[in-house]
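**Q** quick one: sequence and predicted model below, then my questions.
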Amino acid sequence: MNPIVWMQELTPIPLSIDHLMNGFFISWPVAYNDFCLHGFDYLERHWKSQPRSEELLKEQDCVIIVTDHSDYDWEFIARHAKLIFGTRNATGEIQNKYRNIHLL
């Protein structure tokens with residue numbers, strides 16, 4: 001299983017990852033994408049931003065959107081991700097078009 005977390009500029013990444021790692025996702029690999037923060041050290045691990053691609057999205061079980069940055073192509077993500085949970089209504093304009101988008 002490979003859930004992916006898409007994160008962007010000004011996202012409290014350590015807080016978000018901490019929430020994921022202290023629960024259901026504890027034993028799953030977690031990846032993230034951030035065009036401003038290319039890598040950081042947290043939880044005794046070096047985290048590296050993964051390049052956005054169709055292949056990466058298709059490999060993941062779930063995409064969690066934690067900020068609503070306008071530089072992301074949400075339609076591209078919706079077309080290629082199996083399941084999307086949005087926390088910031090970033091996909092608001094397209095959510096009725098795709099059944100894989102769920103707002104939290």
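**A** Arrived safely. What you see is a predicted model; the values in this text were computed from it and never measured.

**Q** CA only for contacts and neighbour counts going forward, please
**A** Will do.

**Q** all the strands of the chain, residue numbers only.
**A** Here the chain has its strands, by DSSP state E, at 4-6, 31-33, 39-42, 45-48, 63-65, 84-86, 101-103.

**Q** what would these look like in JSON lines with distance to I77 and mean pLDDT?
**A** Below are these laid out as JSON lines (distance: least, Cα to Cα, whole Å; pLDDT from 0 to 100):
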{"stretch": "strand 4-6", "distance to I77": "10", "mean pLDDT": "52"}
{"stretch": "strand 31-33", "distance to I77": "12", "mean pLDDT": "84"}
{"stretch": "strand 39-42", "distance to I77": "21", "mean pLDDT": "84"}
{"stretch": "strand 45-48", "distance to I77": "19", "mean pLDDT": "84"}
{"stretch": "strand 63-65", "distance to I77": "9", "mean pLDDT": "89"}
{"stretch": "strand 84-86", "distance to I77": "9", "mean pLDDT": "91"}
{"stretch": "strand 101-103", "distance to I77": "10", "mean pLDDT": "92"}
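
**Q** mind putting those into TSV with mean neighbour count and distance to Y72?
**A** Supplementary listing: these in TSV, determined by neighbours: other Cα atoms under 10 Å; distance: least, Cα to Cα, whole Å:
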stretch	mean neighbour count	distance to Y72
strand 4-6	24	10
strand 31-33	20	10
strand 39-42	12	19
strand 45-48	12	18
strand 63-65	23	11
strand 84-86	21	13
strand 101-103	18	15
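
**Q** which one of those strands lies closest to E75?
**A** Each of the strands of the chain has some distance to E75 by Cα to Cα; the shortest is strand 101-103, at 10.6 Å.
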